[in-house]
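> Curious how this folds, go ahead:
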Amino acid sequence: MLFDEDTIIAMPSVSVPDAVAATRIFIVEDQPTLRSNLRQLLELEGYAVEEAADGASALHRLAVLAAEAELRPQLVLLDVGLPDMEGYAICRHLRQDSRLQHVPVIFLSGRVELEDRMAGYEAGAEDYIAKPYINAELLSKIGVALRNGQSRQASHELQGQVNHAMQAAFTAMTSASEIGVVLQFMKGSFALQDNTALQQSMLQALQELGLDASIQLRSLRGVSTINAEGPCGQLEIGLIETLARRGHIVDAGRVTVFSYGQLSLAVKNMPREDEERNGRLRDNLAFMAEGAAARLAALDTAWQQRQQAATLAELVACTREALRVVDERFRYQQWASGDIMLRLRESIDRAFVSLGLTEGQEGMIARLVTGAGEEFTQLSEQGVDVEASMKALLKALEASQPLKL
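Okay, the predicted model is just below:
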């Protein structure tokens, strides 16, 4: 059921993060009915909710809340079209406040064009949800945004330490050229054995180049999109996937996306004001992305071969067992058939005594039984060949080993 201005909807239970009672959400929405419905929906799920009807009051209240760590919201739901300013401006203000810069923002808007979503992404939003929306989808996206925000906040202090270490390393490498960094990454990529290692190695190389970037891998094992802070938001994931279909190198707003094969690299701080360095970086990053995509394809092929080898080994084991059962039944049937023929002959011999048949009749029956016995013997001789073939096949399967890759 859709969430609209005219209907207040009782929601079914939806999974939310742990410690929901301490999770605060701030709503900025100018339509009273929709704002009230949103508040009711979230409070039913256990969230603590505050709200504002316009941009000025929202900024004032957020500034007050930011001063107290325990009162700061963990998520902001933000309408784009407010009466006094656009939601994009509020989001940019939050991103400039060190106390609130890691709080995820989800835009709610009736504007659904790529340009609108791109504006939300450039303002620093976690996600962009079109109105009218489905309640369950909204709650699910809120849960994802909260988890991502908590992850980024937890890694913020660690990232500060990493930045200090990286700065020291970068200073020591000032004499190395950009192509040297790229070539070093390419050389090391051949030893990487999984997708996570490939992403992390690539992120490290990009940090050495002073670039703020996100990397998306679309492999046989699923899609993974990360940056230096951890998992990317759903809005960024969707934009990268959209721009990846538009060409190898695409400039969109302040972002440049390099896409080759099943890998995309989104760089947010290309030095466009420095034409010479920007052009050099475009060439080097295209080379890096294409090489990394080739390595990702090789990792996918190796993983697929391991899956096929495991499947083949399982199939061989099942076939071996099935043939063993067939062989046992075949040998039992041969023995049982011979026993039946033997008992038939004995029964007929005993019957001749009591049936009072003429000599000619007894001779005819004896000839019929003898003929059937000869046919059975011929079939048994053919069965020996079948049994020999079966044993040879079983022996070959028992000696087989799973493929080693």
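
> so where do the strands sit in the stretch 101-250 of the chain?
105-109, 127-130, 133-134, 213-219, 222-227, 230-231, 249-252 (DSSP state E, counting those that start in this stretch).

> Cys91 is nearest to which of those strands?
Nearest of the strands of the stretch 101-250 of the chain to Cys91, taken as CB to CB: strand 105-109 at 5.0 Å. To be clear about C-beta, it is placed using only N, CA and C from the backbone, and glycine gets the same treatment.

> Whichever helix in the chain runs longest - contacts with which helices or strands?
Identified as the longest helix of the chain according to DSSP state H is helix 275-355. On a contact count with 3 or more CB pairs under 8 Å, 6 or more residues apart in numbering; DSSP states H and E, helix 275-355 meets helix 178-189, helix 195-208, strand 213-219, strand 255-260, strand 263-267, helix 359-399.

> Deepest in the core, which of the strands of the stretch 101-250 of the chain is it.
strand 105-109 (a mean of 24; mean count of other CB atoms under 10 Å).

> ok, now which ones touch Asp116?
The neighbourhood of Asp116, defined by CB atoms under 8 Å, 6 or more residues apart in numbering, consists of 80, 109, 128.

> Which member of these is positioned nearest Ala392?
Nearest to Ala392 among these: Tyr128, at 65.9 Å, using CB to CB.

> who touches the closest one in this structure?
106-107, 109, 116-117, 120-121, 235.

> Just checking, which helix or strand succeeds the helix or strand hosting His60 along the chain?
Element membership for His60 (DSSP states H and E) is helix 55-66. Sequence-wise, the next helix or strand downstream of helix 55-66 (DSSP H and E) is strand 75-79.

> Could you tell me the angle between the following helix or strand past that following strand and strand 75-79?
Proceeding N to C from strand 75-79, the next assigned helix or strand is helix 87-96, under DSSP H and E. Angle between the axes of helix 87-96 and strand 75-79 is 160 degrees (criterion: axes from the mean of the first three to the mean of the last three CA atoms, to 10 degrees).

> oh, and call the first residue 259 from now on, that's how I've got it
Will do, 259 is the new start, and the previous item becomes helix 345-354.

> If you count contacts, what does helix 345-354 end up packed against?
helix 313-324, strand 333-337, strand 363-367, helix 372-381.

> Format those as JSON lines; extra columns: mean pLDDT and distance to Ser605.
Formatted as JSON lines, the helices and strands packed on helix 345-354 follow (pLDDT from 0 to 100; distance: least, CB to CB, whole Å):
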{"stretch": "helix 313-324", "mean pLDDT": "94", "distance to Ser605": "101"}
{"stretch": "strand 333-337", "mean pLDDT": "95", "distance to Ser605": "90"}
{"stretch": "strand 363-367", "mean pLDDT": "94", "distance to Ser605": "88"}
{"stretch": "helix 372-381", "mean pLDDT": "92", "distance to Ser605": "89"}
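
> could these go into a markdown table alongside distance to Ala624?
Shown next, in a markdown table, are the helices and strands packed on helix 345-354 (distance: least, CB to CB, whole Å):
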| stretch | distance to Ala624 |
| --- | --- |
| helix 313-324 | 109 |
| strand 333-337 | 97 |
| strand 363-367 | 96 |
| helix 372-381 | 94 |
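
> Looking at the ones you listed, spot the one closest to Gln520.
Closest approach to Gln520 among those is made by helix 372-381 (21.9 Å; CB to CB).

> for that closest one, the distance to its chain's centre please.
Its chain's C-alpha centre and that of helix 372-381 lie 25 Å apart, by CA atoms, centre = their mean, to the nearest Å.

> residues making contact with the helix holding His318?
The contact list for helix 313-324 (CB under 8 Å, 6+ apart) reads 284, 286, 308, 310, 329-331, 334, 340, 342-345, 347-348, 351-352, 355, 357-358.

> and the angle for that helix with strand 333-337?
Computed by the same axes, to 10 degrees, the angle separating helix 313-324 from strand 333-337 equals 180 degrees.

> Helix 313-324: which residues count as buried?
313, 316-317, 319-320, 323-324 (16 or more other CB atoms under 10 Å).

> How about stretch 332-344?
332-338, 340, 344.

> Between those residues, which sits nearest Ala609?
Distances from Ala609 to those, taken by CB to CB, are shortest for Leu333, at 94.7 Å.

> Just give the nearest non-adjacent residue to the closest one, would you?
Ile283 (4.8 Å; CB to CB, 6 or more residues apart in numbering).

> picking that back up, which members of the contacts of helix 313-324 are classed as buried?
284, 286, 308, 310, 330-331, 334, 340, 344-345, 348, 351-352, 358.

> Pull up the per-residue confidence for the residue nearest the centre of the chain.
For the chain, Gly480 is the residue whose C-alpha lies nearest the centre (CA atoms, centre = their mean; 3.0 Å). Here the pLDDT value assigned to Gly480 is 90.

> For it, which residues count as its bridge partners?
In this entry, Gly480 is beta-bridged to Ser477, by DSSP bridges.

> Give me the distance between it and Ala403.
20 Å (CB to CB, to the nearest Å).

> What residues does Val307 make contact with?
Here Val307 is in contact with 282-285, 296-297, 300-301 (CB under 8 Å, 6+ apart).

> which of those are buried?
For the contacts of Val307, buried by 16+ other CB under 10 Å: 282-285, 296-297, 300.

> Determine which two of the residues you listed are furthest apart.
Arg282 and Leu296 (14.1 Å).

> average pLDDT across the longest helix of the chain?
When pLDDT is averaged along helix 533-613, the result is 81.

> picking up where we left off before, of the contacts of Val307, which pair is most distant in space?
Largest pairwise distance in those, by CB to CB, is 14.1 Å, between Arg282 and Leu296.

> Surely Gly304 is within a helix?
No: using DSSP: H, G, I helix; E, B strand; the rest coil, the assignment for Gly304 is coil, not a helix.

> if we can go back for a sec, mind putting the contacts of Val307 in JSON lines, pLDDT and distance to Asn542 included?
Formatted as JSON lines, the contacts of Val307 follow (pLDDT from 0 to 100; distance: CB to CB, whole Å):
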{"residue": "Arg282", "pLDDT": "95", "distance to Asn542": "44"}
{"residue": "Ile283", "pLDDT": "96", "distance to Asn542": "43"}
{"residue": "Phe284", "pLDDT": "97", "distance to Asn542": "42"}
{"residue": "Ile285", "pLDDT": "96", "distance to Asn542": "45"}
{"residue": "Leu296", "pLDDT": "94", "distance to Asn542": "46"}
{"residue": "Arg297", "pLDDT": "94", "distance to Asn542": "50"}
{"residue": "Leu300", "pLDDT": "95", "distance to Asn542": "46"}
{"residue": "Glu301", "pLDDT": "93", "distance to Asn542": "51"}
